[in-house]
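Asker: Structural data only, the sequence is not supplied:
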């Protein structure tokens, strides 16, 4: 098993080859066990597997920290429903990506299906991010309705013998709420549906690049995911561009936006841009074909940069969760229009389940099309 020969790009079907990668290929007739063993061999997919498989454990370590914070409810509390959906989105993205690179040599048909699933999990991740943004970063998140932040606030003020009070109104505050009302219909009714719709469009487009637009497939796949990024990040953009709802002399520090949240978001964007450059340019293997076949080619750097962007996104979300848990007075709850409802099973897990059902049906359709196209070729390969 360990001695299975690795092949050059001229010895495998053209469908399997990648631009500027000349060696290290596995022939597309491996068994499942042979694929698993190949994770420990220097093939041109080994680095692609480990650069998204190992980050699963690093991401889980940083994510689970939130349950150890002071004032945090139990992990099953509705307060954490959006966080768990975000975790599920990232977990499946990293797992599907690593498994797609490990198992794609079983057959040409399985290769297509592996990457269809990969595209589907990327889209599901964007909706998981949207749910976290909606409930933790959204200007009218509704999270205090769960009572988590309210209890902390009441306890703190009662210990001091003070009555809860809202910040005094000001021109800045009035301007903030006026602008908030303009975007309120979008945030309340359209934000999550738009995120889901765009996610489905992205899956269909990326799956189509397996057959169409082959010459520009990396550009199309990269650019198509810019749209869900802009839609999902709307609450963050709003926070970054909005004035503080508190007057300058307010004793309450303002989270609109917090400098920490902004820093993590800018880093998140930076790593996304760098990953897009690697994915489109195919540097460094473009500059020296054959030299980076096993280690150091662009797709491995693409994986590293995308994970760093996810990690900064997680830190940004954690900053907002911590603010809600430890400093509920930062949330302008008493002077704002009525808040949106807090997270429920239907509005979080229900949304993700419905989306996953739609994505699964798309994958089944494209998988059937791939079977029709590649089944005859796969039979010829086995005979050969």
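Answerer: Sure, I can see it. Keep in mind the model is a prediction, meaning the values are calculated, not measured. Residues are numbered from 1 along each chain as shown.
Asker: any low-confidence regions in the stretch 251-384 of the chain?
Answerer: 251-259, 326-341, 382-384 (pLDDT under 70).
Asker: all helices for it, in order.
Answerer: 259-281, 298-326, 351-383 (DSSP state H, counting those that start in this stretch).
Asker: want to try CSV for the ones you listed, with mean neighbour count as columns?
Answerer: To be clear about C-beta, it is placed using only N, CA and C from the backbone, and glycine gets the same treatment. Output for the helices of the stretch 251-384 of the chain, formatted as CSV (neighbours: other C-beta atoms under 10 Å):
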stretch, mean neighbour count
helix 259-281, 17
helix 298-326, 22
helix 351-383, 15
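Asker: what's the closest of those to residue 16?
Answerer: helix 351-383 (10.3 Å; C-beta to C-beta).
Asker: Could you find the closest non-adjacent residue to residue 315?
Answerer: The shortest distance from residue 315 to any non-neighbouring residue, by C-beta to C-beta, 6 or more residues apart in numbering, is to residue 264 (4.8 Å).
Asker: Test my guess that the one you found contacts residue 312.
Answerer: Yes - if you go by C-beta atoms under 8 Å, residue 264 and residue 312 touch, sitting 4.9 Å apart.
Asker: circling back to that earlier point, tell me how far the residue nearest to residue 315 lies from residue 241.
Answerer: Using C-beta to C-beta, to the nearest Å, residue 264 is found at 17 Å from residue 241.
Asker: most centrally placed residue in the protein?
Answerer: Taking C-alpha atoms, centre = their mean, the centroid of the chain lies closest to residue 125, which sits 3.8 Å from it.
Asker: which residues does that residue contact?
Answerer: 89-90, 92-93 (C-beta atoms under 8 Å, 6 or more residues apart in numbering).
Asker: relative to helix 298-326, how tilted is whichever strand or helix holds it?
Answerer: Taking DSSP states H and E as the definition, residue 125 sits inside helix 108-132. Relative orientation of helix 108-132 versus helix 298-326 (axes from the mean of the first three to the mean of the last three C-alpha atoms, to 10 degrees): 30 degrees.
Asker: Quick one: distance of helix 108-132 to the chain centre.
Answerer: With C-alpha atoms, centre = their mean, to the nearest Å as the basis, helix 108-132 stands 10 Å off its chain's centre.
Asker: cool, stretch 12-25 as well?
Answerer: On C-alpha atoms, centre = their mean, the centre of stretch 12-25 falls 28 Å from the chain's centre.
Asker: ok, and what's touching that stretch?
Answerer: If you take C-beta under 8 Å, 6+ apart as the criterion, stretch 12-25 is touched by 6-9, 11, 26-28, 42-45, 105, 108, 111, 282, 285-286, 289-290, 292-294, 297, 299, 374, 377, 381.
Asker: Report how many residues lie close to residue 209.
Answerer: Using other C-beta atoms under 10 Å, residue 209 has 18 neighbouring residues.
Asker: so it makes contact with residue 217?
Answerer: Yes - at 4.1 Å, residue 209 counts as touching residue 217 under the criterion of C-beta under 8 Å.
Asker: ok so, going back, show me which positions of the helix holding residue 125 end up buried.
Answerer: 108-132 (16 or more other C-beta atoms under 10 Å).
Asker: mean confidence for that helix?
Answerer: In this model, helix 108-132 has an average pLDDT of 95.
Asker: what does stretch 41-50 give?
Answerer: So the average pLDDT for stretch 41-50 ends up being 96.
Asker: distance between it and the chain's centre?
Answerer: Mean-position distance between stretch 41-50 and its chain equals 23 Å (C-alpha atoms, centre = their mean).
Asker: and that stretch, how far apart are its ends?
Answerer: Distance between the two ends of stretch 41-50: 12 Å, counting by C-alpha to C-alpha, to the nearest Å.
Asker: distance of the closest residue to residue 282 other than its chain neighbours from residue 113?
Answerer: Nearest in space to residue 282, with sequence neighbours left out and distances taken as C-beta to C-beta, 6+ apart, is residue 298 at 5.0 Å. Note on residue 298: its distance to residue 113, by C-beta to C-beta, is 24 Å.
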